[in-house]
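In: fold the following, please.
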Amino acid sequence: MNSVEELIKVHRKESGIARKSINSSSVNGPTSANNVQIPFRPPPPPSAQPPATSTSQAQSSSISPAVAEYTAAAKSGVKTLSTYIDIDKFLALPERELNYLWRLRHINNPTSLHGIVSAENWTRIVAAAKKHPQFILPLPREGQGAEIHFMQWTFPSETTATVLFTHLAEYKLRGEFTQPHTTVTHHTDLMAEKGVVLVEGTVMPDRGVTVEEGQWLLMCLLKFYGQDGTITRQEGSESITPRRRLLEQFSKGDGEFKIEDLLEEAEKVP
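Out: Predicted coordinates for the structure are as follows:
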């Protein structure tokens, strides 16, 4: 997985073009077919659903039928970490070798997204993911503005968490029939003993997204979900960060949610 800094450098020019293409800061109204030239209204918020009494109920109440179907299929044949590696052997490895072998395993797959997340960072990510299972992320397109992608979290097993990325325009047109162009799964099997979460995913061919663009979306995900959501101010008072505020605004369907703010936060380092 490339660093955030490297990906930002690649897309900074396109991000500038994308910001200029936004003509309104409101989020009311439809999007265009391929990019956000017109303001956008977020999907119905998870908070509008009936209260859930368990994690599985919470997930089923806040995700689309497409994700529910994916989760049900995944549970019947979920690819846990043991599908890919001998877990006992990996547990015996020093962290450097574990990291190297995990990356080496994917090196010959041209559509692969892979990496390692620290347990500390994963704790923040998963807490935010369960509170905000849906979000949108921008992908700059030179000369076309910012193409917006819809992402959804699902938890097919106790040790796996999968993110599905779809084109927002396609999701709005096809709804539950939309197929993800990118899937990314986080495996927590080694977290307790090794302090790491292994990440693997795939960018589907011929779905309009390159592997580099998939990396960009994944890096954006880490920015919004992986950072501490609070800022400590004078006298111990706290407030939420701009990125966490955007997550909360989107989840609530808040009219203050602005695409311009999303673009600005997405291109910041880190």
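
In: switch to C-alpha atoms for all contacts and neighbour counts from now on
Out: Noted.

In: what about Gly255, distance to Leu246?
Out: For Gly255, the distance to Leu246 (CA to CA, to the nearest Å) stands at 11 Å.

In: the more surrounded of the two?
Out: Each of Gly255 and Leu246 has its neighbours counted (other CA atoms under 10 Å); Leu246 has more, 23 against 14.

In: can you report phi and psi for the more buried one?
Out: Main-chain dihedrals, Leu246, degrees, to the nearest 10: phi -60, psi -40.

In: residues in contact with it?
Out: Contacts for Leu246 were tallied using CA atoms under 8 Å, 6 or more residues apart in numbering; they are 257, 261-262.

In: ok, so of those, who is nearest Ile85?
Out: Among those, Leu262 lies closest to Ile85 (CA to CA), at 37.3 Å.

In: what is the neighbour count of that closest one?
Out: 19.

In: Ser118 - nearest residue in space that isn't next to it in sequence?
Out: Spatial nearest neighbour of Ser118, excluding adjacent residues (CA to CA, 6 or more residues apart in numbering): Val196 at 4.6 Å.

In: and that neighbour, its phi and psi?
Out: phi -140, psi 150.

In: how about it, what does it touch?
Out: Counted by CA under 8 Å, 6+ apart, Val196 has contacts 116-119, 188, 190.

In: how about a cut-off of 7 Å?
Out: 116-119, 190 (CA atoms under 7 Å, 6 or more residues apart in numbering).

In: and Thr154, helix, strand or coil?
Out: Under DSSP: H, G, I helix; E, B strand; the rest coil, Thr154 falls in the strand class.

In: where's it relative to Leu139, distance?
Out: Between Thr154 and Leu139 the computed distance is 22 Å (CA to CA).

In: same deal with Ala128?
Out: 21 Å.

In: the two: who's more crowded?
Out: Leu139 (24 against 20).

In: with adjacent residues omitted, what lies nearest to the more buried one?
Out: Per CA to CA, 6+ apart, closest to Leu139 is Glu147, 5.1 Å.

In: only C-alpha atoms, please: export the helix or strand harbouring the one you found in CSV.
Out: Assigned by DSSP states H and E, Glu147 belongs to strand 145-157. Output of strand 145-157 as CSV, limited to C-alpha atoms (Å, rounded to 0.1, in the frame of the first residue of the first chain):
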residue,chain,number,x,y,z
GLY,A,145,-14.5,17.3,-11.6
ALA,A,146,-14.6,14.9,-8.6
GLU,A,147,-16.2,11.5,-9.1
ILE,A,148,-17.9,10.5,-5.9
HIS,A,149,-17.9,6.9,-4.6
PHE,A,150,-20.2,5.3,-2.1
MET,A,151,-18.6,3.0,0.6
GLN,A,152,-20.3,0.7,3.0
TRP,A,153,-18.9,-1.5,5.8
THR,A,154,-20.1,-5.0,6.6
PHE,A,155,-18.9,-7.5,9.1
PRO,A,156,-19.3,-11.1,7.7
SER,A,157,-17.5,-12.8,10.6
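
In: just the CA trace of whichever helix or strand comes after that strand, in CSV.
Out: The helix or strand immediately downstream of strand 145-157 is strand 160-167, counting by DSSP H and E. Output in CSV follows, covering the C-alpha atoms of strand 160-167 (Å, rounded to 0.1, in the frame of the first residue of the first chain):
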residue,chain,number,x,y,z
THR,A,160,-13.3,-9.9,9.3
ALA,A,161,-14.6,-6.5,8.2
THR,A,162,-15.2,-5.7,4.6
VAL,A,163,-15.6,-2.4,2.8
LEU,A,164,-17.5,-2.3,-0.5
PHE,A,165,-16.9,0.6,-2.9
THR,A,166,-19.4,1.5,-5.6
HIS,A,167,-19.8,4.4,-8.0
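
In: mean confidence score for strand 160-167?
Out: What strand 160-167 shows for mean pLDDT is 96.

In: tell me which strands it pairs with, and in which orientation.
Out: Using DSSP bridges, the strands paired with strand 160-167 are strand 145-157 (antiparallel), strand 182-187 (antiparallel).

In: quick one: buried residues of the shortest one?
Out: Taking 16 or more other CA atoms under 10 Å as the neighbour-count basis, strand 182-187 is seen to contain the buried residues 182-187.

In: which two of these have the greatest separation?
Out: Top of the distance list for these (CA to CA): Thr182 and His187, 16.6 Å.
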